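Novice: Predicted model follows, preceded by the sequence.
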Amino acid sequence: DGGITQSPKYLFRKEGQNVTLSCEQNLNHDAMYWYRQDPGQGLRLIYYSQIVNDFQKGDIAEGYSVSREKKESFPLTVTSAQKNPTAFYLCASSTPRRMNTEAFFGQGTRLTVV
Amino acid sequence: RKEVEQDPGPFNVPEGATVAFNCTYSNSASQSFFWYRQDCRKEPKLLMSVYSSGNEDGRFTAQLNRASQYISLLIRDSKLSDSATYLCVALNGGNEKLTFGTGTRLTIIP
């Protein structure tokens, strides 16, 4: 079945450590997105990528990094520079050049700094 | 000003009532619009796309007003299972940036 997979579902990190969240899709989508959601808040865009080997900063990119070496994969690294990384991280993919095509989400990764 | 704005609610509505949400967007380059539903601690899922001509799916009706830059969602004959957070989404046709509103929390009361 086609879909978008995030792993791990839960992640614990010590302060000062970098950690990488995985996002893989087999939907043949061109665009991929990373969002952060804090309790009771909406989704804020961290980074997005329209095509392989290209990506753009979203609204809250500081302290995060991404790569897009393959169409299927868009990993997010939360670096030690991110001062408040505890949050729910959501990855999405879509084909935005086709009008009104929806974005599909992975099940999310809950990151907790301990 | 946020690119996509919604009333966060909460909306507490009796079962069977009709409820309406509005959402405004500031970027005129936005070309496609969607309503997503998010249940507690889950990922958002598409409820419906929003077309200029308006569209209906069962008890749900979505409208787009490009001149005033707002979209709306109407839920008729609300059910307990409609309790969720509803997210308004705009896609920028130029840079393909997908922007979410903060969401409107809806609780249907028995």
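Specialist: Cool, got the structure.
Novice: Find the nearest non-adjacent residue to the closest residue to chain A within chain B, please.
Specialist: With CB to the nearest CB, the shortest gap between chain B and chain A falls at residue B:102, namely 3.4 Å. (C-beta placed from N, C-alpha, C; glycine too.) Here the nearest residue to residue B:102 in space, its sequence neighbours aside, is residue A:42; by CB to CB, 6 or more residues apart in numbering or on different chains that works out to 3.4 Å.
Novice: Residue A:82: helix or strand, and which one exactly?
Specialist: Per DSSP states H and E, residue A:82 falls between elements, in no helix or strand.
Novice: Check the residue nearest to the spatial centre of chain A and give its pLDDT.
Specialist: The C-alpha lying nearest the average C-alpha coordinate of chain A belongs to residue A:34 (CA atoms, centre = their mean; 2.8 Å). At residue A:34 the predicted local confidence, pLDDT, stands at 98.
Novice: gap between it and residue A:44?
Specialist: As defined by CB to CB, to the nearest Å, residue A:34 lies at a distance of 10 Å from residue A:44.
Novice: returning to that earlier point: tell me which residues touch the closest residue to the residue nearest to the centre of chain A other than its chain neighbours, please.
Specialist: For residue A:34, ignoring the flanking residues on the chain, the nearest one in space by CB to CB, 6+ apart is residue A:46 at 4.4 Å. Shown in contact with residue A:46 (CB atoms under 8 Å, 6 or more residues apart in numbering or on different chains): A:34-36, A:58-61, A:64, A:66, A:76, A:89.
Novice: rerun at 10 Å
Specialist: Shown in contact with residue A:46 (CB atoms under 10 Å, 6 or more residues apart in numbering or on different chains): A:33-36, A:57-66, A:76, A:78, A:82, A:87, A:89-91.
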